[in-house]
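J.: Just a sequence and a predicted model for now, questions to come.
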Amino acid sequence: MRFDREKLKRLIHYVAWKAGKRDWFGATKLYKVLWFADARQYIRTGAPITGETYIREKYGPIPKHGLEIRKELQREHITTEFDIKARGRGDLTRIVAEIGPDLSVFSRDELDTVNWWIEHIDKDHTAKSISEKSHDYVWEIAKMGEELPYYALRVARIQEPTEEDMVRLRQRAKELGLG
């Protein structure tokens, strides 16, 4: 898999533009959008959006070049970052885009995937809950500081069916006259 640095830079810019001003959307949620969007595209198409290497860290996967690119975006006056400390809610590093992003490197399908993860993570999760969600099989098999292999995402999808899955499968079998 080839890492596309420019694509990752534009993706960080895009997420900061689209979600950076949302309440409690900071660096942790941005990194989770990147991880889940790349992972989802890999599962669906065999290729992630950016090809970035993700590293196992305490709060879940982080992009290897994430901090470096964030600093570059700040130097170029594309984004601004600031820390927020709130009693009872924790700390937040807010990343806000000052200018709109160039999306020409992304397919409609890639943007749809990213947009879905932005909305899902923003509306349905706190930084803590999405971090816990990212502690999946792929994260667990790596040691702290190690790379998370994309191919392990395929293995992670092979798991015992849930009770909900079984109900759905029994219903479908009945519809097909198999049970």
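T.: Received, thanks. Numbering: from 1, shown residues only.
J.: I'd like the next helix or strand past the longest helix seen in the chain.
T.: Of all segments of type helix in the chain, defined using DSSP state H, the longest is helix 27-45. Sequence-wise, the next helix or strand downstream of helix 27-45 (DSSP states H and E) is strand 54-57.
J.: Sheet partners, orientation included, of whichever helix or strand comes after that next one?
T.: Next along the chain after strand 54-57, taking DSSP H and E as the criterion, comes strand 60-63. Here strand 60-63 is paired, per DSSP bridges, with strand 54-57 (antiparallel).
J.: Please enumerate residues in contact with the partner strand?
T.: By Cβ atoms under 8 Å, 6 or more residues apart in numbering, the surrounding residues in contact with strand 54-57 are 35, 38, 61-64, 139, 142-148. Placement of C-beta: from N, CA and C, glycine included.
J.: Phi, psi for Lys174 please.
T.: Dihedral pair for Lys174: phi -60, psi -40, per degrees, to the nearest 10.
J.: Count the neighbours of it for me.
T.: Neighbour count for Lys174, taken as other Cβ atoms under 10 Å: 10.
J.: now do Ile43
T.: 14.
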